[in-house]
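Asker: build me a model:
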Amino acid sequence: MHKKNILHAVLILVVVLLSVMLYKFIAKAQEKQHFAKQLQTIPTFEFLDMEQYTFTKSNLKPNLPIIFINFNSECEFCQYEAQSISENLNQFKDVQILFVSTESLGAVQQFSEHYNLHNKQNITFLQDKDGLFNTLFDATTIPYILIYDKNQKLIKKHKGQLNANGIVRALHGDD
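Answerer: Below you'll find the predicted structure:
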């Protein structure tokens, strides 16, 4: 009788654990689906530019592809990416690039100047002081790139480093 009770308890425990695991799996799948749908067009956002003015979706230039790059100035991959873009600026003249970081404005400004990306008409550096980019854009890595077409429809979501040629290929649909 005692062994039978233990067997029932173990069986119930296994069923409960499997149920919890299944629930978490389904919840994670639904969350991924939600983000995938949310990112198909550029979500509403609010960050600060280098002059500490609010920069939102309404500040995006119309009819231009848009690239969001989530970065950290101390990240080597981000540095290589910025260097690659800097060396290939002519390929991005008809593209709006937004570099977004949670770092201080000083660190972001220094990064932009070091890679000669400051004061470029089509490049904007933004501070995400509240850390909302990760949530809004499903960013789980640094660097993290989102490429949108001129109609603000998602072309590519990329985790990790992507050099200028990779970005250009994605913009032209060659990826």
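Asker: which residues of the chain fall in strands?
Answerer: Ranges of strands in the chain, per DSSP state E, are 46-49, 54-56, 66-70, 96-101, 123-127, 144-148, 154-159.
Asker: figure out which of these is closest to Val20.
Answerer: Distance to Val20, taken as C-beta to C-beta, is lowest for strand 154-159 among the strands of the chain, at 28.2 Å. For every residue, glycine as well, the C-beta is placed using N, CA and C.
Asker: what's the closest one packed up against?
Answerer: Secondary-structure packing of strand 154-159 (3 or more C-beta pairs under 8 Å, 6 or more residues apart in numbering; DSSP states H and E): strand 144-148, helix 164-171.
Asker: going along the chain, name the helices of this structure.
Answerer: For the chain, the helices defined by DSSP state H cover 2-38, 76-87, 105-114, 133-136, 164-171.
Asker: tally of neighbours for Leu146?
Answerer: The local packing of Leu146 (other C-beta atoms under 10 Å) involves 23 other residues.
Asker: next up, the contacts around Leu64.
Answerer: Leu64 makes contacts with 94-96, 122, 150, as judged by C-beta atoms under 8 Å, 6 or more residues apart in numbering.
Asker: make TSV out of those and add pLDDT, distance to Phe71 and neighbour count.
Answerer: Below are the contacts of Leu64 laid out as TSV (pLDDT from 0 to 100; distance: C-beta to C-beta, whole Å; neighbours: other C-beta atoms under 10 Å):
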residue	pLDDT	distance to Phe71	neighbour count
Asp94	92	22	12
Val95	95	17	19
Gln96	96	16	20
Asn122	93	17	16
Lys150	92	23	15
